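**Q** Just need the structure, nothing else, for what follows:
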Amino acid sequence: MKTVRLGRTDISVVNAPLGAMFLGTRQNRDVSFALLDYYVSRGGNFIDSANIYAHWVGPQFHGGESETVLGEWMRARRRSSVPAVWARAAPRQQPSATVVAT
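**A** This is a model prediction of the structure:
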């Protein structure tokens, strides 16, 4: 995969981030884990997550579902970090997290 520099940092990420909108919502934990495993095995290192995404999927979701699955996946795979996770909050909410680790 082609990589690009992340903003003004020295961190390189792929130019095809994985959108995490359906992780933990439309895709259950097992499917979500399989998608994350496949993405990383193909060289992916940039995951786009935002707690507002769950609200777009349906009213039964409250936000944070994709971040929860990402955390569970990292714990299950014994990953202390992924190279880049971008997460933002909905308007008028506190930001969730921007985690960048190498």
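**Q** what's the distance between S32 and S12?
**A** Distance, S32 to S12, using Cβ to Cβ, to the nearest Å: 25 Å. Placement of C-beta: from N, CA and C, glycine included.
**Q** neighbour-wise, which of those two wins?
**A** S32 (23 against 16; other Cβ atoms under 10 Å).
**Q** If you tally nearby residues, what's the number for the closest residue to P17 other than its chain neighbours?
**A** Nearest residue to P17, sequence neighbours excluded (Cβ to Cβ, 6 or more residues apart in numbering): F46, at 4.0 Å. The tally of other residues near F46 (other Cβ under 10 Å) stands at 23.
**Q** One more: the one 3 residues further on?
**A** By the other Cβ under 10 Å criterion, the neighbourhood of S49 contains 26 residues.
**Q** cool, and the one 10 residues further on?
**A** Neighbourhood size, P59 [other Cβ under 10 Å]: 7.
**Q** do A34 as well
**A** A34 has 12 nearby residues by other Cβ under 10 Å.
**Q** From G19, how far off is the residue nearest to P17?
**A** For F46, the distance to G19 - Cβ to Cβ - is 10 Å.
**Q** what's the answer for S41, then?
**A** On the measure of Cβ to Cβ, S41 and G19 end up 18 Å apart.
**Q** So between the two, which is more surrounded?
**A** G19 (13 against 8).
**Q** ok, that one touching D48?
**A** Yes. Between G19 and D48 there is a contact at 5.1 Å, judged by Cβ atoms under 8 Å.
**Q** now the helices for the chain?
**A** 29-41, 53-57, 65-76 (DSSP state H).
**Q** okay, those in a markdown table with mean pLDDT next?
**A** Formatted as a markdown table, the helices of the chain follow (pLDDT from 0 to 100):
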| stretch | mean pLDDT |
| --- | --- |
| helix 29-41 | 94 |
| helix 53-57 | 70 |
| helix 65-76 | 88 |
